[in-house]
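*Asks:* My questions are about this predicted structure, shown below with the sequence.
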Amino acid sequence: MEKSVYSFDDVSFVISHKKVGKCTITGKGVGSISIARSNDVTQHDVAADGSVMVSKIVTKNGTIALALQQTSSAHKWLKKWYSYLLTAATNQWAETSAVLNLPSNGETIKITGISPQKAADAAYQQAGQQVTWNLMATKIEG
């Protein structure tokens, strides 16, 4: 029987921008990393006689949600990146890329055209919290 083992400590998410540098995000200070595809890749059009026309739609855009501790180095890097993008030339807005590596199953996801959906919401209270950065990407492959 083949054994399968998963550890979030083995997962890495490396996000980079040529002007801001790169940030390697591992299990430290991270609650979760979620990737969602934005569009369906199939559409059916049904005619009056019941015949179905199938359309294949080639789209790879989507979203990434990074839930991070508000004191993490990843959150600090994303704040710096976000501040840079707000004042940079427009052509810098979607010039960020990332690679998500999942060694337990040999999966690598390459993400390009990343831009922030908005700055992470923040809560300040008695105990530290996680903040979520929602990012949009033009292409998610893998």
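*Replies:* Perfect, I can see it now.

*Asks:* Count the residues that sit near the closest residue to Val58 other than its chain neighbours.
*Replies:* Residue nearest to Val58 in three dimensions, not counting chain neighbours: Val41, with 7.2 Å by C-beta to C-beta, 6 or more residues apart in numbering. Backbone N, C-alpha and C define where each C-beta goes, glycine included. Val41: 11 surrounding residues under other C-beta atoms under 10 Å.

*Asks:* So that it lines up with my notes, have the first residue be 255 from now on.
*Replies:* In the new count, where the first residue is 255, that last one comes out as Val295.

*Asks:* Phi, psi for Val295 please.
*Replies:* Geometry field for Val295 lists phi and psi as phi -100, psi 0, criterion degrees, to the nearest 10.

*Asks:* pretty sure it contacts Ile311?
*Replies:* Yes. Counting by C-beta atoms under 8 Å, Val295 does reach Ile311; the two are 5.3 Å apart.

*Asks:* Tell me which residues are up against the helix or strand where His298 lies.
*Replies:* Taking DSSP states H and E as the criterion, His298 maps to strand 296-300. With C-beta atoms under 8 Å, 6 or more residues apart in numbering as the test, strand 296-300 has contacts from Val306, Met307, Val308, Ser309, Lys310, Ile311.

*Asks:* quick one on the thing from earlier: if I pick the residue nearest to Val312, what's in contact with it?
*Replies:* Per C-beta under 8 Å, 6+ apart, neighbours of Val295: Lys310, Ile311, Val312, Thr313.
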